[in-house]
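> Show me how the following folds:
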Amino acid sequence: MGINLVYSNPHTVQKLLTEIADHIAPHCPETPRLDAEVLLAEVLGTDKAGLYRSFHDLVPVFARNRLRELVQRRIKKEPISYILGRKEFWSLVFSVGPDVMVPRPDTEVLVEEALRAVPLETRCSILDIGTGSGAIAVALAKERPAAIITATDISASALETAKRNAALNHVTAITFRHGDLFDPVRDREHNFDLIVSNPPYIPTDETSRLPKGLRDYEPYSAFDGGPDGLALYRRIIREAPRYLKADGILMVEVGYDQSTAVSNLIREAGGFRPPETVRDLSGLERVVKAQMERL
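Residues are numbered from 1 along each chain as shown. Model (predicted):
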């Protein structure tokens with residue numbers, strides 16, 4: 001589909017915003033105006049406030065040509081964060097691309113709970129399993145600079161992105177290790193005060209019904225959680241006691257309807273105190289956490 005708006009007569013910011021939103025709306029009807037604002041601000045090197053201050057200014061030809069490329073990508077439902085190459089999380093900016101999932105606001109609940117468990121000046125040891133973009137590990141490192149953080153991922157390319165994000169946010173206290181779940185830390189039994197993870201949790205037969213932007217652009221391995229969505233939870237819960245200290249805590253993000261199932265897995269595994277759940281801003285149980293029983 002061609003988009004002629006960027007080749008037509010000179011456009012003001014106001015007029016171009018309206019035309020972009022009209023082109024995007026049939027394909028991405030959720031937020032076409034916001035998408036238009038973000039994309040136009042990107043090519044003009046400004047922000048939303050800057051756009052509206054220059055509402056009646058003409059948009060340069062070079063910007064209109066670049067804008068055409070970005071709009072074409074958006075009408076194919078490519079996530080805005082991939083188009084821009086970045087995403088804000090925990091008031092930090094993260095580089096994102098097709099090797100990692102885009103950090104979601106829901107995951108900030110997991111960060112909040114982890115911070116509650118870690119006193120500010122404590123030199124505790126934290127393990128982030130399946131770090132992806134590094135969003136959780138980097139956010140924790142920024143808030144708890146005394147913590148010793150290890151982040152693992154089975155994807156080598158995801159780890160490279162996570163390393164870039166640590167550098168981007170001026171974080172140096174994270175050790176990145178490549179491998180499946182606990183494999184990279186087999187030498188660190190009973191070493192961690194806190195284990196956090198946001199594992200894949202979408203049941204396999206539901207992945208084909210996910211929104212196109214997620215299904216076609218984000219890495220499949222980062223959201224496919226096996227037949228019932230719980231495959232990775234079983235493995236994490238089974239192995240976590242081997243790596244947690246006596247009073248250590250396991251904390252995982254879960255899907256909107258999975259808190260009971262994950263809590264039951266923790267109870268069945270043994271070695272933990274009764275699990276607790278934490279709700280997100282929508283009232284959904286988003287985090288399940290459990291502390292090791294004292295020996």
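
> Could you use CA atoms for every contact and neighbour count after this?
Noted.

> contacting residues around the spatially most central residue of the chain?
Residue closest to the mean C-alpha point of the chain, counted by CA atoms, centre = their mean, is residue 103 at 1.7 Å. Applying CA atoms under 8 Å, 6 or more residues apart in numbering to residue 103 gives the contacts 87, 88, 89, 133, 135.

> switch to 10 Å and redo it
The contact partners of residue 103, taken as CA atoms under 10 Å, 6 or more residues apart in numbering, are 81, 86-90, 94, 96, 132-136.

> got a pLDDT number for it?
pLDDT recorded at residue 103 is 95.

> For it, grab phi and psi.
Backbone torsions of residue 103, given as degrees, to the nearest 10, read phi -60, psi 140.

> who does the lengthiest strand in the chain pair up with?
The strand that spans the most residues within the chain, counting by DSSP state E, is strand 244-253. Here strand 244-253 has these sheet partners by DSSP bridges: strand 192-197 (parallel), strand 285-291 (antiparallel).

> ok so, going back, so of the contacts of residue 103, which ones are in strands?
86, 87, 88, 89, 94.

> okay, the residue nearest to the first one when sequence neighbours are not counted: pLDDT?
Residue nearest to residue 86 in three dimensions, not counting chain neighbours: residue 95, with 4.3 Å by CA to CA, 6 or more residues apart in numbering. Confidence per residue is given as pLDDT, and for residue 95 that number is 96.

> which residue ranges form the helices in the chain?
Remark: helices assigned in the chain by DSSP state H are 13-24, 32-44, 48-53, 61-75, 80-84, 108-117, 135-143, 156-168, 212-217, 231-243, 259-269.

> Out of these, which gets nearest to residue 205?
helix 212-217 (12.4 Å; CA to CA).

> got any ranges where the stretch 151-295 of the chain has weak pLDDT?
Along the stretch 151-295 of the chain, the model assigns pLDDT under 70 to residues 295.

> Among the ones in strands among the contacts of residue 103, which one has the most neighbours?
residue 94 (26 neighbours; other CA atoms under 10 Å).

> Quick check: that residue touching residue 138?
Yes - proximity of residue 94 to residue 138 meets the contact threshold set by CA atoms under 10 Å, at 9.4 Å.

> okay, and the common contacts of the two?
162, 165, 166, 168, 169.

> The residue nearest to residue 277 when sequence neighbours are not counted: how many residues sit nearby?
Spatial nearest neighbour of residue 277, chain neighbours left out: residue 288 (4.5 Å); criterion: CA to CA, 6+ apart. By other CA under 10 Å, 23 other residues sit near residue 288.

> Now residue 133: closest residue in space that isn't a chain neighbour?
Counting by CA to CA, 6+ apart, the residue nearest residue 133 is residue 162, at 4.6 Å.
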